[in-house]
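Peer 1: sequence and predicted structure below; questions after.
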Amino acid sequence: MTGQEQPPSYRGGGLASVQPQADYRDRIWWPHLADPAGVVGGIYGVDPLEYVVHAEWVNRPSTFVIDQGGIVRLAYRGTSWGDRPSIEATLDMVVTGLYEYEHPKRLHLA
Amino acid sequence: MLERIRRHPFAEIRGGRTIDPQTGQEGIADLGDDAWRVRQLAIRDLVRLGDAAAAELPAHLRDEDSHVRHVAAAVLGILKAEAAVQALEARLEEDPDPVVRSQAALSLGQMGLAHVGERLTARLGLELDPDVLHRIELAISQTRDGGLSTEVADAYAGLDERMFRTVEVGRPAVHFELSDTDGHPWRLTDLLVICPVVLIWVFADWCPVCHRIPRLDRSAEEVRIERHRGGDDRMPRPVAAGS
């Protein structure tokens, strides 16, 4: 986990331009919490190692909001890699206190 | 434990992505699906075995089941089983499954051995799959960082399935403390004194949706200003977690 998006050379720019990136993990551009064993992820039900994307086992993309009373107001667990509220939608929910959201591409059981 | 992996009906993985058996789309629609639990607990139980697992697992890196090979490679990395380096390098070079090659690369990086890093660097010129190449790059970085912290193995060993999915809407959050990428510890209880908390689980450094998180900082600032104007300067605090 580094929080650094791959340069164009990785995403469709051609393998010839891929270079060793010694400083890859140094170029973290935002601090984030590390949960490498999925301890907190398991408790919050984000299902660490649920499915594979880009040849890597990953958790469900998930968003939670906890109010100052410590009560969970939103627990959104994604069904696929893009299934989560946007930052703007999340902040709207926080501001309005209305926690209702479903991503348009959310997968549903038959 | 590996038998639990072998017997579990994991969804098909096509082109490095899981295909949901019910919808045919990428992902898993069923929020009650237990694939992660089977995998996570098998890894936990093997990590708990420690040296015994480290001695046994290299033989399973050639199992016919790619899920077994993946779990074996993952545990050998978590345990930093240096005796398995050659067997993991063979997987990185030869395994037909990019998921296994990716895990072999990560596990090799987790050893934190300089000479392994040199061989990983040489591998960059030979691997053709961009996903695996990226994992090799990460592994090289981790080698330079000294490999995986032994705390990760302890965290796996301590996983308690009774606590799994105990957080639900309308109920009290489960409190936790995690360190961020700068080593600074964050406690949920400390944050809640200041403001509501948004937790965002990202899952990969390449995740394009997750990369919009920096905008949260700006958006949060905007919210803070808006609230300040309204006489309330408390602000939601952005926190993200990844595995």
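Peer 2: Structure's in. What do you need?
Peer 1: check which helix or strand B:V116 maps to.
Peer 2: helix B:114-123 (DSSP states H and E).
Peer 1: now do the strands in chain A.
Peer 2: Listed in chain order, the strands of chain A (DSSP state E) span A:33-34, A:51-53, A:56-58, A:62-66, A:72-77.
Peer 1: residue in chain B with the shortest distance to chain A?
Peer 2: B:G27 (2.7 Å; CB to the nearest CB). For every residue, glycine as well, the C-beta is placed using N, CA and C.
Peer 1: distance of that residue relative to B:L2?
Peer 2: Using CB to CB, to the nearest Å, B:G27 is found at 26 Å from B:L2.
Peer 1: and residue 66, how many neighbours?
Peer 2: This is for chain A. As a burial measure, A:I66 scores 25 neighbours (other CB atoms under 10 Å in any protein chain shown).
Peer 1: not quite, go with chain B.
Peer 2: 16.
Peer 1: report the contact partners of B:V99.
Peer 2: A:V52, A:A55, A:E56, A:W57, B:I13, B:G16, B:S66, B:H70 (CB atoms under 8 Å, 6 or more residues apart in numbering or on different chains).
Peer 1: got a winner among those for most neighbours?
Peer 2: Counting by other CB under 10 Å, top hit in the contacts of B:V99: B:H70 with 29 neighbours.
Peer 1: residue nearest the centroid of chain A?
Peer 2: A:P61 (4.0 Å; CA atoms, centre = their mean).
Peer 1: that residue against A:R84, yeah?
Peer 2: Yes - counting by CB atoms under 8 Å, A:P61 touches A:R84, with 4.4 Å between them.
Peer 1: how far away is the residue of chain B closest to chain A from A:E50?
Peer 2: Distance from B:G27 to A:E50, by CB to CB: 9 Å.
Peer 1: what's around whichever residue of chain A sits closest to chain B, how many residues?
Peer 2: Nearest residue of chain A to chain B (CB to the nearest CB) works out as A:S80 at 2.7 Å. Neighbourhood size, A:S80 [other CB under 10 Å]: 23.
Peer 1: without its sequence neighbours, what residue ends up closest to it?
Peer 2: By the measure of CB to CB, 6 or more residues apart in numbering or on different chains, the closest residue to A:S80 outside its immediate chain neighbours is B:G27, 2.7 Å from it.
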